[in-house]
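**Q** please work out how this folds:
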Amino acid sequence: MAEGGAPGEPITAEGLEALREEIEQMEGPARERISERLKVARAMGDLKENAEYHIAKEDQAHLETRIKRARERLRDAVVVEAGEGSADSFSFGRTAIVTDPEGREHEWTLVGSTEANLADGRLSAESPVGQALQNRSVGEEVEVSTPKGSRTFTISRLV
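**A** Predicted structure coming up:
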């Protein structure tokens, strides 16, 4: 459970594994690289006027913040199995071919907001389009209010 007893952040099993790998990389090799940079910068002398040292310290702070946020996401993650819902509907973790109003086809997988990356075909289930398409059937036309106005999408097929 997330803070306040609210349900956690939905994530696919693949997304959870990727998050664990990201944390492992940040806590291991990334920390080691920054530690080495700090060691080299300290050897340069006076730390007050050492730009390399100050940049490395800022990078270290950013990395630690990223690690903290990733650990919070991991703690709050709730794995949702692909296709929990109807076998013939576009549900969380499933992939569908969706046709936009211009007739272009998009292959989208419905994922949690932290996994979303539309360029990679990963549509957030929390986005307006994701919410509108979630649990809809193949062949169904869905009208969605977007910043560009109302648009109609059709779920062409499930992959």
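**Q** can you show me the strands along this structure?
**A** For the chain, strands defined by DSSP state E occupy the ranges 9-11, 77-79, 89-90, 95-99, 105-111, 122-124, 136-137, 141-146, 149-158.
**Q** pLDDT weak spots in this structure?
**A** Counting by pLDDT under 70, the chain has low-confidence residues at 1-7, 82-86.
**Q** would you tell me which helix is longest in it?
**A** If you go by DSSP state H, the chain has its longest helix at helix 51-76.
**Q** so for it, what gets flagged as buried?
**A** Within helix 51-76, the residues that count as buried by 16 or more other C-beta atoms under 10 Å are 53, 56-57, 60, 63, 67, 70, 73, 76. C-beta: built from backbone N, CA, C; applies to glycine.
**Q** so who does the residue most central in space within the chain touch?
**A** Central residue of the chain (C-alpha atoms, centre = their mean): residue 115, 2.1 Å from the mean position. Contact analysis of residue 115 by C-beta atoms under 8 Å, 6 or more residues apart in numbering lists 11-12, 15, 18, 122, 124.
**Q** report the two of the residues you listed separated the most.
**A** Largest separation among those by C-beta to C-beta: 18 and 124, giving 15.4 Å.
**Q** those two: who's more crowded?
**A** More crowded of residue 18 and residue 124, by other C-beta atoms under 10 Å: residue 124, with 19 against 14.
**Q** shouldn't the more buried one be in contact with residue 134?
**A** No. Counting by C-beta atoms under 8 Å, residue 124 does not reach residue 134; the two are 10.4 Å apart.
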